[in-house]
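Trainee: Here you go, sequence then predicted model.
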Amino acid sequence: MLKIENKNIKNLALTRAKFSLSNHLLSYFGGLEEESSKNNPILKIKLEEEFSKQEIIGFNLLYAIIKANDSILHPSFNKPKSHKQWLNLDSNILFRETTYNVNGVNITIESTKFLDENQAIIYHQYSFFTDKEINLDFYHGIEDNSLNKDLKITKISSGNHEKLVSAKYQEKLKIKHMMIYKKNFRHKNHNKKNQSIEHYKINAVPNRKYNIIHYVGILFKNEKLFRKELKKRRNKGFKALLNSHKKKWSEIFSESQINIISNQKVNNLVNYSIYQMLTNIPNKFGMIDGNYNRDSWLKDIFVSKFYLNTSLKYARKILKRRIDDLVIAKSVAKKLKFKGALYLDELEEFNQGFRQLYLNGLIAYSLDQYYESTHDISILSDGGLLMLMEICNFYVDYAKLNSKKTRYDILNVSNIDNTIQNIDNHSLTNYLIKNSFKLLNKYTKLYKKHDRLKFEELINHNKLKNIFSKVKTVNKKLYFRGYNNNYIYQLYQGFYNDMNSSYFEMVNDKINITNDLLLLFILFPQEFADFIIEKNKTYYQDKFVDSNYNKLLSSLVTYRVIDEDNLTNFLDSVSINKPSLYINNQGINLGISGTIYYYIVYHLAKLRIDNHVLTIDSLLPKDIRRIEFNLKHFNKQADIKIKRNSARLEWVNK
């Protein structure tokens with residue numbers, strides 16, 4: 001059994017993030033039932049694209065709390081005698097077991113939670129029992145407090161073992177939180193029917209288990225039909241639903257699972273990252289985080305790699321979302337008085353001087369990765385080629401010819417995480433621009449050969465006839481400085497001069513500048529000789545503060561030498577047991593899930609796909625004896641086994 005366990009109850013925010021449950025409609029942050037949603041994001045609802053936010057905070061559907069002799073059973077007021085919470089990765093079920101002690105009486109709370117595979121429904125079994133007789137006040141229901149001030153309650157109603165909280169989001173979207181439940185005790189509810197929380201006074205009998213099962217969910221319309229669905233599930237029973245869920249999830253998870261032999265810590269981490277990517281699958285509008293949205297470049301590069309190896313359908317959805325956002329990207333470029341399309345996480349950041357131009361190039365890179373893994377030429381006619389043209393159209397308009405007319409510069413940009421601004425000819429950005437130009441040439445030829453008439457219609461309709469000559473002109477003179485006599489590439493133009501100044505040393509020490517030059521070697525390993533990658537990695541090792549981002553990128557760089565410290569540095573930067581790049585009090589960084597998968601499959605197993613040929617090798621450190629996983633490549637499945645001195649690949653027709 002694969003499980004992530006927590007016996008530490010000190011950081012409840014980190015616990016909520018770590019034990020989140022998600023599907024394409026809901027995210028439930030797995031804290032304790034007694035936590036209030038007034039100050040904590042417990043439930044997130046994923047919305048359709050016409051709303052400004054992709055997900056909003058809802059009310060806590062699973063609120064439950066106990067008072068014993070006026071003592072509230074909550075870690076903030078009463079430290080538990082024991083606590084254990086665990087997430088079974090191979091069944092996608094969250095468990096909890098906590099014992100409080102009040103006046104010498106042990107009160108144990110147990111719960112089991114899981115989400116429906118297809119609907120915005122959560123199943124929840126909550127139980128409590130005591131070892132001695134004691135008076136308890138038990139409260140449960142839908143907590144009608146939320147961090148979300150745009151969510152206003154319009155009505156609360158009750159039926160037989162039923163609660164409904166109706167609300168409006170931004171005064172235009174009706175959202176209903178519905179609960180249907182079943183309990184094994186007959187005590188009277190002391191609260192009014194128009195209250196969303198019920199209150200039971202229970203004289204607890206020793207060792208009797210009091211049990212309540214919640215079938216809860218979110219609906220936007222057709223209340224009658226949704227109620228019928230919940231009642232149907234209640235009639236089927238919690239145990240039957242649980243067993244069905246286990247079976248379905250096991251089939252999904254086993255297809256992507258990675259087995260790390262002799263290192264349980266790494267095994268749990270990589271499968272936890274796979275779990276996160278599987279439960280935060282793209283919906284019809286593309287990739288939506290079940291947790292919080294940051295570092296979209298990580299998702300474009302690394303999460304996409306996971307889906308390319310496991311589910312081409314979802315890989316296409318992620319890319320299609322970028323294509324569908326072309327209208328927005330064009331409007332952003334227009335606002336900034338440039339032609340073409342500019343993809344940004346935040347327009348406001350660009351206006352403040354954080355000019356990150358690399359995202360365009362990463363999207364072009366993702367398009368190429370997708371096509372090379374699928375040969376799905378329909379992605380080009382479905383907006384992919386037009387997107388690539390508009391990306392390049394922006395780049396040629398942004399490029400500036402120098403005064404001597406000898407080269408084109410890309411001026412006044414930022415590095416990948418805004419730790420350096422106002423730099424010129426940033427190596428990663430310029431390389432991605434050159435790569436985008438190369439890809440435009442590649443896919444223009446391919447699509448013209450496929451359907452010349454549609455290609456002509458495309459460029460005429462979008463007035464892009466001149467884009468190809470412009471790209472050719474700029475590409476020919478675009479500044480990209482090669483390596484120096486010691487085979488070292490500079491981070492940006494003038495970097496060596498900055499390195500020699502005391503100002504840079506001071507800034508680097510305080511800001512933790514990220515060495516994103518390393519991303520070049522991660523994205524394009526086949527274009528740089530191993531010895532050059534090794535020399536650059538070694539040179540820059542002590543030039544930057546050993547921040548988590550630098551540890552992460554350094555760990556992902558692959559060359560022929562096995563670095564025994566590499567695994568330790570990597571695990572430290574992506575820990576799930578303390579605040580890290582991967583997890584903090586705000587939530588999980590889904591992009592880091594992708595980097596963990598990449599580290600195992602592309603770094604330790606050295607997976608490469610060149611000209612449609614898949615190759616593997618072994619870079620296993622001494623702490624890992626064997627890695628086993630499978631992946632999909634076109635219409636075949638590859639079963640892969642990596643040992644320290646061997647790498648084996650077998651093709652299986654499925």
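Mentor: On my side now, so go ahead.
Trainee: Would you verify that Lys448 is located in a strand?
Mentor: No. Per DSSP: H, G, I helix; E, B strand; the rest coil, Lys448 lies outside any strand segment and is helix.
Trainee: Next, the contact list for it, please.
Mentor: Neighbouring residues of Lys448 by CB atoms under 8 Å, 6 or more residues apart in numbering: Phe455. All C-beta spots, glycine's among them, are computed from the backbone N, C-alpha and C.
Trainee: ok, it to Ser244 distance?
Mentor: For Lys448, the distance to Ser244 equals 51 Å [CB to CB, to the nearest Å].
Trainee: just Ser304 next, same as before
Mentor: 31 Å.
Trainee: Out of the helices and strands in this protein, which is least certain?
Mentor: Within the chain, no helix or strand scores below helix 502-511, which has a mean of 62 by mean pLDDT, DSSP states H and E.
Trainee: so after that one, what's the next helix or strand?
Mentor: helix 518-523 (DSSP states H and E).
Trainee: Figure out how far that following helix is from the centre of its chain.
Mentor: Computed by CA atoms, centre = their mean, to the nearest Å, the chain-centroid distance of helix 518-523 equals 21 Å.
Trainee: Now do the very next helix or strand once past that helix: which elements does it pack against?
Mentor: Sequence order places helix 530-541 as the next helix or strand after helix 518-523, per DSSP H and E. On a contact count with 3 or more CB pairs under 8 Å, 6 or more residues apart in numbering; DSSP states H and E, helix 530-541 meets helix 518-523.
Trainee: How about the helix it packs on, which residues are buried there?
Mentor: Leu518, Leu519, Leu520, Phe521, Ile522, Leu523 (16 or more other CB atoms under 10 Å).
Trainee: Look up how far Lys305 lies from Lys10.
Mentor: Applying CB to CB to Lys10 and Lys305 gives a distance of 35 Å.
Trainee: And these two? Which one has more around it.
Mentor: In terms of neighbours (other CB atoms under 10 Å), Lys305 is the more surrounded of Lys10 and Lys305; the figures are 21 against 8.
Trainee: one step back: Ser304 and Ser244: which is more packed in?
Mentor: Ser304 (24 against 12).
Trainee: which residues touch the more buried one?
Mentor: Contacts for Ser304 (CB under 8 Å, 6+ apart) come out as Ala315, Ile318, Leu319, Ser366, Gln369, Tyr370, Gly594.
Trainee: In TSV: those residues, plus secondary structure, pLDDT and neighbour count.
Mentor: Putting the contacts of Ser304 into TSV (DSSP: H, G, I helix; E, B strand; the rest coil; pLDDT from 0 to 100; neighbours: other CB atoms under 10 Å) gives the following:
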residue	secondary structure	pLDDT	neighbour count
Ala315	helix	90	24
Ile318	helix	87	20
Leu319	helix	92	29
Ser366	helix	94	20
Gln369	helix	92	19
Tyr370	helix	93	22
Gly594	helix	93	24
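Trainee: and which of those is nearest to Ile93?
Mentor: Gly594 (24.0 Å; CB to CB).
Trainee: Just the buried residues of stretch 57-77, please?
Mentor: Within stretch 57-77, the residues scored as buried using 16+ other CB under 10 Å are 57-68, 73-75.
Trainee: How about the residue of the chain most remote from its centre, nearest residue that isn't a chain neighbour?
Mentor: For the chain, the residue at maximal distance from the C-alpha centroid (CA atoms, centre = their mean) is Glu133, at 46.6 Å. In space, and not counting its chain neighbours, Glu133 is closest to Pro206: 5.8 Å by CB to CB, 6 or more residues apart in numbering.
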